[in-house]
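Peer 1: What would the 3D arrangement of this be:
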Amino acid sequence: MQFNLILILLLNQSICFQNNPNSSFSKQDVEGAINRGTSFLKNTQKPDGTWSENDIGPTALAGMALLESGITQDDQTLAKAITAVRKNARTTTHTYSIALCIIFFDRLGQIEDIPLIESLAMRLLAGQTQSGGWGYTCPGPNNDELVRLETNQKKSVELKATKTFPKFNSKKSFDDLSPEVVRSIQVIYQEKATGNNNDGGSDNSNTQFATFALWVSRRHGIPINIAFSRILLRFRGTQAQDGGWAYSGSGGNQPSSPTMTGAGLLCLGLASGFFVEIGNQLKPSERIDISKDVFLGRGLFALGSCIGNPAGKGKEGLIARLGEQGGQSYYFLWSLERAATGLGLESIGRKDWYSWGTEILLVNQLPNGSWKGDYASYNADTCFAILFLTKSNFAEDLTTLLRGKTNNLGLVELKSGGVGGDAIANLSKQGGIKVAITSDGKGATQGKITYNNTKKENDNATNKKDIPDPPKKASLALLTNAKPEKFLETLEEFKKGKGGEFTEALSAAIPKLQGFQQFEARKALAERFVRFNKETLIEYMNNENPEIRAAAISAVALRNQKIGMANITAALEDNSAWVRNSAYLCLKSLTNQDFGNPNISTDPEKTKILQLWKTYIKENP
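Peer 2: Just a heads-up that it's a prediction; the model follows:
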């Protein structure tokens, strides 16, 4: 495995270090910058092998940067980092740290780390919110899981002593997992199905790291179908009008940021790629054709608008000088690099993203070998820069899977009816998002990352005064007239409000809303109904308001309980298309059967499909 890892590194570097006569930098310039950056990391490592006092995530990140720069595992600095990460990964609950540990362990390729990868991945599965994202923390391991990790650690020591340590195996499946891990994952999904799950806040920064780590975890048998279904819906449903994404993950009228647009595109690419990978398990109507994916196309156009053109040889004066005010520029560049390499793109929007970013990094490296932006306190900016320069690709399997299928996405010259059609062409008229890093020395902004849990708590305390008191009486106008930046906050109050007036106002507002606001309102109404008793849900299935009927059916699906199955089957013939579709999706989810969607079928096929559903539900109440 060590030989294969070194071979991958050499191949990657041979690709990105080919000299271009028109470039402002050479292969030697890039190699020199990487060497100075790794020297800085080595010189700033703490005696205990870490780079941060807050959590283990920055140390895993530094370990990744050292590995990608060609440092081998017998190097003293990397060896100390490995020991520190293994020790602290057992109990960490920080989303960033969990994700980075998984990616680091996978890249190390040591069999002894597989139990840790499994344990960390289970924390991510448990930490995913109903909206498909992640916040700053995930549930920690219970006592049984800590005992399992301790037992496996002892076995590893024994195997090493006898020199019979097995090799890092190729991709595993769920069937290859130990009974203990299988049971733990089943419990996680059972708790989510019964509504006992994480309904806290989430953001697209934490979510991109968690998504990337789960993609890696699937190589070790971790089932990610449900998690990635939610991720796909999240990033398709919250893509902003400019094609990008915002930090909060709500999209719509919130301004997109360059950093989070890179994050959103990466998550969308990973989720879409996963369903391409399992395409033979899906019905033809459920399969994804990446080459015609309008969401990816819009996202690539948006990301392309954040990228500038390389200055080129003799024009180095045009390159942005950031000094010690890099902001989130280096975080953005790694987001850009991960999305581009994962999707297998040498250019985005016909722009050479690597040359542009490399110019910026080379002129902004400080004399001590570091890069300084918002995350310099734990050396993350230096790690981001090294990972960009080495063209690190922790999703080579995604790149292979999508090779040749994404080259034309996001190009605004496409005619109507082509990939993305008018949806992408219209974006070009809006101009996309502004360039993330400009020659006036302004770094990227609007994207958050922190490894300090206490900071998040303080931020919440600080911002608490800005949150308005819940309305004393629900009003339709409060929702329909809410300012875009306050819409989700107001919607949350309606979702959790006590009293029938909240249900009535929310259901009445939905037809008056559009786009992501309507999507979020429908989701909120269904989530509101999840806590209602069975009798109330069945009563709502017969309500005269189609939004209430659909929400009641969706709530049953969220609870994963067979409630009012006869009513839901009858709803396949409802006079509302939204109710019919909700009924079909609910039945499909609860029964694990799919006799077809009568909404998109014509007679006599529709009659046949309806009869199949009715017969099955009657025989399997």
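
Peer 1: Okay, helices next: where are they in the stretch 451-600 of the chain?
Peer 2: 453-463, 476-480, 487-496, 500-509, 515-529, 534-540, 546-559, 565-570, 577-591 (DSSP state H, counting those that start in this stretch).

Peer 1: got it, and the stretch 251-400 of the chain?
Peer 2: 258-277, 294-306, 329-342, 353-364, 380-389, 396-402.

Peer 1: Now do the contacts for E145.
Peer 2: Counting by Cβ atoms under 8 Å, 6 or more residues apart in numbering, E145 touches 119, 122, 184. Placement of C-beta: from N, CA and C, glycine included.

Peer 1: tell me which element it falls in.
Peer 2: Following DSSP states H and E, one finds E145 within helix 143-162.

Peer 1: So what touches whatever helix or strand comes next after that helix?
Peer 2: Next along the chain after helix 143-162, taking DSSP H and E as the criterion, comes helix 179-193. Applying Cβ under 8 Å, 6+ apart, the external contacts of helix 179-193 come out as 118, 122, 125-126, 144-145, 148, 174, 177, 197, 222-223, 226, 559-560.

Peer 1: How about the contacts made by the residue nearest the centre of the chain?
Peer 2: In the chain, the residue lying closest to the centroid (Cα atoms, centre = their mean) is Q208, at 3.3 Å. Q208 is in contact with 263-264, 266-267, 335, counting by Cβ under 8 Å, 6+ apart.

Peer 1: Among those, the buried ones, what's the ChimeraX command?
Peer 2: Here is the ChimeraX command that selects the buried residues among the contacts of Q208 (16 or more other Cβ atoms under 10 Å):
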select :263,264,266,267,335
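
Peer 1: from the contacts of Q208, which two are the most distant?
Peer 2: For the contacts of Q208, the farthest-apart pair by Cβ to Cβ is C267 and S335; their separation is 10.6 Å.

Peer 1: Next up, the contacts around G264.
Peer 2: Taking Cβ under 8 Å, 6+ apart as the criterion, G264 is in contact with 204, 208, 235, 239, 244-245, 299.

Peer 1: now these as JSON lines including pLDDT?
Peer 2: Formatted as JSON lines, the contacts of G264 follow (pLDDT from 0 to 100):
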{"residue": "N204", "pLDDT": "92"}
{"residue": "Q208", "pLDDT": "95"}
{"residue": "F235", "pLDDT": "91"}
{"residue": "Q239", "pLDDT": "87"}
{"residue": "G244", "pLDDT": "88"}
{"residue": "W245", "pLDDT": "90"}
{"residue": "G299", "pLDDT": "89"}
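
Peer 1: Can you list which of the residues you listed are found in helices?
Peer 2: Residues of the contacts of G264 located in helices (DSSP state H): 204, 208, 235, 299.

Peer 1: if we can go back for a sec, select, from the contacts of G264, the two members most distant in space.
Peer 2: The widest separation within the contacts of G264 (Cβ to Cβ) is 14.4 Å, between Q208 and Q239.

Peer 1: Can you pull out the low-pLDDT segments for the stretch 501-621 of the chain?
Peer 2: Scanning the stretch 501-621 of the chain for pLDDT under 70 picks out 515-516, 600-602.

Peer 1: returning to that earlier point: among the helices of the stretch 251-400 of the chain, which comes closest to T536?
Peer 2: Between the helices of the stretch 251-400 of the chain, helix 258-277 lies closest to T536; by Cβ to Cβ that is 34.2 Å.

Peer 1: What residues of that closest one count as buried?
Peer 2: Residues of helix 258-277 classed as buried by neighbour count (16+ other Cβ under 10 Å): 258-276.

Peer 1: Provide the angle between the direction of that helix and the direction of helix 294-306.
Peer 2: Interaxial angle of helix 258-277 relative to helix 294-306 (axes from the mean of the first three to the mean of the last three Cα atoms, to 10 degrees): 150 degrees.

Peer 1: and the angle for helix 258-277 with helix 329-342?
Peer 2: Using the same axes, to 10 degrees: helix 258-277 against helix 329-342 is 20 degrees.

Peer 1: Just put the helices of the stretch 251-400 of the chain in a markdown table and tack on distance to E489.
Peer 2: What follows is the helices of the stretch 251-400 of the chain, written out as a markdown table (distance: least, Cβ to Cβ, whole Å):
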| stretch | distance to E489 |
| --- | --- |
| helix 258-277 | 19 |
| helix 294-306 | 25 |
| helix 329-342 | 26 |
| helix 353-364 | 36 |
| helix 380-389 | 30 |
| helix 396-402 | 36 |
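
Peer 1: Kindly report which one of those helices carries the lowest mean pLDDT.
Peer 2: Ranked by mean pLDDT, the helices of the stretch 251-400 of the chain bottom out at helix 396-402, which scores a mean of 84.

Peer 1: what's it in contact with?
Peer 2: In contact with helix 396-402 (Cβ under 8 Å, 6+ apart) are residues 8, 215, 219, 269-270, 273, 276-277, 290, 341-344, 393.

Peer 1: next one: that helix to chain centre, how far?
Peer 2: Taking Cα atoms, centre = their mean, to the nearest Å, one finds the center of helix 396-402 at 17 Å from the center of the full chain.

Peer 1: Can I get that helix in PDB, CA atoms only?
Peer 2: The C-alpha coordinates for helix 396-402 follow below in PDB (Å, rounded to 0.1, in the frame of the first residue of the first chain):
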ATOM      1  CA  GLU A 396      -9.700   9.300  -7.400                       C
ATOM      2  CA  ASP A 397     -12.500   6.700  -7.700                       C
ATOM      3  CA  LEU A 398     -15.000   9.600  -8.400                       C
ATOM      4  CA  THR A 399     -12.700  11.000 -11.000                       C
ATOM      5  CA  THR A 400     -12.400   7.600 -12.700                       C
ATOM      6  CA  LEU A 401     -16.200   7.100 -12.500                       C
ATOM      7  CA  LEU A 402     -17.000  10.500 -14.100                       C
END
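
Peer 1: So for it, what gets flagged as buried?
Peer 2: Buried residues in helix 396-402 (16+ other Cβ under 10 Å): 397-399, 401-402.

Peer 1: Domain-wise, how is this structure divided?
Peer 2: 224-306+404-435, 479-619 (automatic domain parsing).

Peer 1: Tell me which of those lies nearest to I319.
Peer 2: So among those, domain 224-306+404-435 is nearest, using Cβ to Cβ, at 12.8 Å.

Peer 1: rewinding a little: quick one: closest of the helices of the stretch 251-400 of the chain to E520.
Peer 2: Nearest of the helices of the stretch 251-400 of the chain (Cβ to Cβ): helix 258-277, 16.4 Å.

Peer 1: centre of the chain versus that closest one, how much separation?
Peer 2: Centroid separation for helix 258-277 versus its chain: 7 Å, with Cα atoms, centre = their mean.

Peer 1: Point out where the stretch 351-500 of the chain drops to low pLDDT.
Peer 2: 404-480, 482-485.

Peer 1: circling back: I'd like to know which of the contacts of helix 179-193 has the lowest per-residue confidence.
Peer 2: Out of the contacts of helix 179-193, that is N197, at 53.

Peer 1: List just the nearest of the contacts of helix 179-193 to K486.
Peer 2: Nearest to K486 among the contacts of helix 179-193: N197, at 26.4 Å, using Cβ to Cβ.

Peer 1: contacting residues for A126?
Peer 2: When contacts are counted by Cβ under 8 Å, 6+ apart, A126 touches 138-139, 188, 191, 198.
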